[in-house]
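# need coordinates for the following:
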Amino acid sequence: MTKEQKNQFVDDLTVTLSSAAVIYLADTSQLNSETTSALRRACYKKDVKMSVVKNTLLKKAFERVEGKDFSELYGVLAGPTSLLISDTGNVPAKLIKEFRKKNERPILKAAFVEEMCYIGDDQLTALTEIKSREELIGDIIMLLQSPIKNVVGALQSGGHTIAGLVKTLSER
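Sure, this is the predicted structure:
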């Protein structure tokens, strides 16, 4: 790569990292080409963008991103690094965990999820348990609906009479 090509790559990577809310760094070394292709296909199916990057170029891109602090990730930028970018916080973690049922890699180096850094492969389980935006919205809706369902149920159980309503409400 020429210096101009490297600068262009870092610029493009900076734009990508600026707009990404979920970034995973993984070690995919020692995977043969067939297994790497299978991992790329699995990433594609889950709408996760995967690319192998040079650590020095990735660090330069991290430094250029404004408004996000990636400094905690600098320590893991050693050895082969694969960059996984997603819109949902737990999807890459679940993908890695599922893929490792048949393979010993990829190993999670670090993750940057919604302004939080997770360092090390031991964080993989915690990352799989992070709820997506849609799951959180569903939980909130369920919590909001619960009191309404109780009132409607109480009204229906009283036989639609005022006496039944008063009795039901006094019991609560």
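# got the domain ranges for this structure?
As assigned by automatic domain parsing, the chain contains the domains 3-130, 134-171.
# okay, how far is it across the longest one, tip to tip?
What it means is domain 3-130. Terminal residues of domain 3-130 lie 40 Å apart, using C-alpha to C-alpha, to the nearest Å.
# from the chain's centre, how far out does that domain sit?
Taking the mean of its C-alpha atoms, domain 3-130 sits 11 Å from the chain's own mean (C-alpha atoms, centre = their mean, to the nearest Å).
# what about the strands in this protein?
Under the criterion DSSP state E, strands of the chain are mapped to 22-27, 49-53, 81-86, 107-113, 116-119.
# got the buried residues for the fourth one?
Looking back up the chat, that one is strand 107-113. I107, L108, K109, A110, A111, F112, V113 (16 or more other C-beta atoms under 10 Å). Backbone N, C-alpha and C define where each C-beta goes, glycine included.
# that strand: partners in the sheet, and parallel or antiparallel?
Note on strand 107-113: by DSSP bridges, its sheet partners are strand 22-27 (antiparallel), strand 116-119 (antiparallel).
# ok, which of those comes nearest V53?
strand 22-27 (9.0 Å; C-beta to C-beta).
# so what touches that closest one?
For strand 22-27, the external contacting residues (C-beta atoms under 8 Å, 6 or more residues apart in numbering) are 17, 73, 76-77, 79-89, 91-93, 96, 105-114.
# what about 7 Å?
Residues from elsewhere that reach strand 22-27 (C-beta atoms under 7 Å, 6 or more residues apart in numbering): 17, 73, 76, 79-89, 92, 96, 105-113.
# got the angle between that strand and strand 81-86?
Strand 22-27 and strand 81-86 are oriented at 150 degrees to each other (axes from the mean of the first three to the mean of the last three C-alpha atoms, to 10 degrees).
# the inter-axis angle of strand 22-27 versus strand 49-53?
Using the same axes, to 10 degrees: strand 22-27 against strand 49-53 is 50 degrees.
# okay, the residue nearest to L17 when sequence neighbours are not counted: pLDDT?
Computed as C-beta to C-beta, 6 or more residues apart in numbering, the closest residue to L17 that is not its neighbour in sequence is V65, at 5.1 Å. On pLDDT, V65 comes in at 88.
# residue contacts, the residue lying closest to E72 once chain neighbours are set aside?
Nearest non-adjacent residue to E72, counting by C-beta to C-beta, 6+ apart: C117, 4.2 Å away. Residues near C117 by C-beta under 7 Å, 6+ apart: E72, L73, A110.
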